[in-house]
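1. dropping the sequence and predicted coords here.
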Amino acid sequence: AKSINKDKSSKIQSLNEWTSRGPYYMGGRTRALAFDINDENRILAGGVDAGVLLSTDGGTTWKKKTTNSQFPSITTIDQDKRPGKQNIWYHGTGERLGSRALGNGIFKSTDNGETWFQLESTINGSTGSWDNSFDFVYRVRTNPNAPNSRDEVYAALSLGGVYRSIDGGVTWNPTIGFGISNTSSYYSDIEVTSKGVFYAALSSHGSSDRQSLIKGVYRSTDGDKWVDITPDNFPERYNRIAIAIDPQNENKVYFVGETPGFGTLTTNSRQDSIWHSLYKYEYISDDGKDQNGKWTNLSQNIPNPELVRHQMNSQGGYDLHVKVHPTDSNIVYIGAVNLYRSKSAWQQNDFEIIGGTCPTQDCDYFYRYPNHHADQHNLVFLPSNTDIMFTASDGGIHKTLDSKGLNTEWISLNEKLNAMVDKGVSPNIASFIGATTL
């Protein structure tokens, strides 16, 4: 510091090159996670400050694929799974719950995730300020059953409902909800079956005109015309709702949501009142509405043990997902601060804590589950071996070799992440930070 004035130019020039000194073992908030349908060793991941990361060796090493000038706040990613179209990927930006990291639209790759470009149709207003556009994208999904003559992609937005494009993102139109307006739900989500049947959820939490608010749970067989299948006994208030389709029986769909004043009441270390509900829907016939669909309220089995840090807490829907095991319909996972597993499909209060916070009284740093991390955002299974399961959380990416075992052990895929970045590229997953409230 004392000598810098003697030769400012050479001293400042030397700051252009840096060598990473870690930490190498810790990842950060990861929301997007997907396998390449043609090569399960290729994993694409994205976090709210990291951009898109690609691994070609099953998660051992990673390289950043978005540029430093592109928005780093990745929330969702999906591949076009149709034959001849599988080199096309989309990812959405902007995390409204959590860091409130602003995004600016949807990005697309046509070279299998190697490079990305921003869809002009999703750029609205001013960069760096929320202007009711595609600034917060909760979910991007493609239609695996669409004809090859059109490229269908769907975006579930915060304040805007669900948008649909049939030309690969060149143009967009609201398919459910009023689009970006003062009568839009604050939270929406969408999932699609392998046959192209869509389920969407729009929150009752919206702006001032509640009477005109389009809200509830919807089903569509074409992504264009939607049927309101919301049951009569659904909560009056529901914020963010996450959706899971049963791969073994795609007529069965789970919905878990943050539902103030309804469902199961839990708490956290601040003694806040936290409410969640869990429902299972079974399609029977016709349009799936009323007697053509069956709803089962499973909310009474939501985790509520004596130990506070193990009680269900999604922090307002910030960390919330539900997933059904690909080969066993009785195994259903719920992610919140903790990762829970039920082997009765939540028909019973039989949950196990398999990730997140420490499962016993003997805990390490910040009550962390051994070699795992709190705040769950995503969960995927290795296609060739569904015993192998990957999670995305505030602590990065982890995997287990036994998704159904009694004592779940985790392997961190965050080791030396920022040491693996090409020279001149900014840090990747290890560069972003997650916050947890237990």
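-> Great, that's in hand.
2. any idea how far apart the tips of stretch 30-48 sit?
-> Start and end residues of stretch 30-48 are separated by 7 Å (Cα to Cα, to the nearest Å).
3. swap that for stretch 54-68, sorry
-> Chord length of stretch 54-68, first to last residue, is 15 Å (Cα to Cα).
4. which positions within that stretch qualify as buried?
-> 54, 55, 58, 59, 61, 62, 64, 65, 66 (16 or more other Cβ atoms under 10 Å). Any C-beta I mention is one placed from the backbone N, CA and C, and that applies to glycine too.
5. quick one: mean pLDDT for it?
-> The pLDDT scores in stretch 54-68 average 92.
6. among the buried residues of stretch 54-68, which are in strands?
-> Mapping the buried residues of stretch 54-68 onto strands (DSSP state E) picks out 54, 55, 64.
7. wait, doesn't the second one sit right on residue 64?
-> What it means is residue 55. No - the criterion here is Cβ atoms under 8 Å, and residue 55 misses it with residue 64 at 11.1 Å.
8. ok, back up a step: turn the ones in strands among the buried residues of stretch 54-68 into TSV, columns for distance to residue 265.
-> What follows is these, written out as TSV (distance: Cβ to Cβ, whole Å):
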residue	distance to residue 265
54	42
55	41
64	43
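9. just the closest of these to residue 154, please.
-> Residue 154 lies nearest to residue 54 out of these, by Cβ to Cβ, at 23.5 Å.
10. where do the helices sit along this structure?
-> Remark: helices assigned in the chain by DSSP state H are 8-13.
11. quote the end-to-end distance of stretch 385-402.
-> 10 Å.
12. equivalent analysis for stretch 257-264, please.
-> 11 Å.
13. list the contacts of it.
-> Stretch 257-264 is contacted from outside by 201, 235-242, 274-278, 299-300, 302, 304, 312, 314, 316-317, 320, using Cβ atoms under 8 Å, 6 or more residues apart in numbering.
14. could you pick out the buried ones from those?
-> Of the contacts of stretch 257-264, these count as buried by 16+ other Cβ under 10 Å: 201, 235, 238-242, 274-278, 299, 302, 304, 312, 314, 316-317, 320.
15. now, which of the residues you listed lie within strands?
-> Short answer: those in strands (DSSP E) are 201, 241, 242, 274, 275, 276, 277, 278.
16. so what's the residue lying closest to residue 177 once chain neighbours are set aside up against?
-> Closest residue in space to residue 177, ignoring its immediate chain neighbours: residue 161 at 1.9 Å, by Cβ to Cβ, 6 or more residues apart in numbering. Shown in contact with residue 161 (Cβ under 8 Å, 6+ apart): 174, 175, 176, 177, 178, 179, 184, 185, 188, 202, 214.
17. would JSON lines of these with pLDDT, neighbour count and distance to residue 80 be doable?
-> Listed next are the contacts of residue 161 as JSON lines, based on pLDDT from 0 to 100; neighbours: other Cβ atoms under 10 Å; distance: Cβ to Cβ, whole Å:
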{"residue": "174", "pLDDT": "90", "neighbour count": "17", "distance to residue 80": "22"}
{"residue": "175", "pLDDT": "92", "neighbour count": "24", "distance to residue 80": "18"}
{"residue": "176", "pLDDT": "87", "neighbour count": "26", "distance to residue 80": "21"}
{"residue": "177", "pLDDT": "77", "neighbour count": "26", "distance to residue 80": "24"}
{"residue": "178", "pLDDT": "63", "neighbour count": "16", "distance to residue 80": "28"}
{"residue": "179", "pLDDT": "58", "neighbour count": "18", "distance to residue 80": "24"}
{"residue": "184", "pLDDT": "72", "neighbour count": "26", "distance to residue 80": "27"}
{"residue": "185", "pLDDT": "82", "neighbour count": "30", "distance to residue 80": "27"}
{"residue": "188", "pLDDT": "93", "neighbour count": "29", "distance to residue 80": "21"}
{"residue": "202", "pLDDT": "94", "neighbour count": "28", "distance to residue 80": "25"}
{"residue": "214", "pLDDT": "85", "neighbour count": "19", "distance to residue 80": "28"}
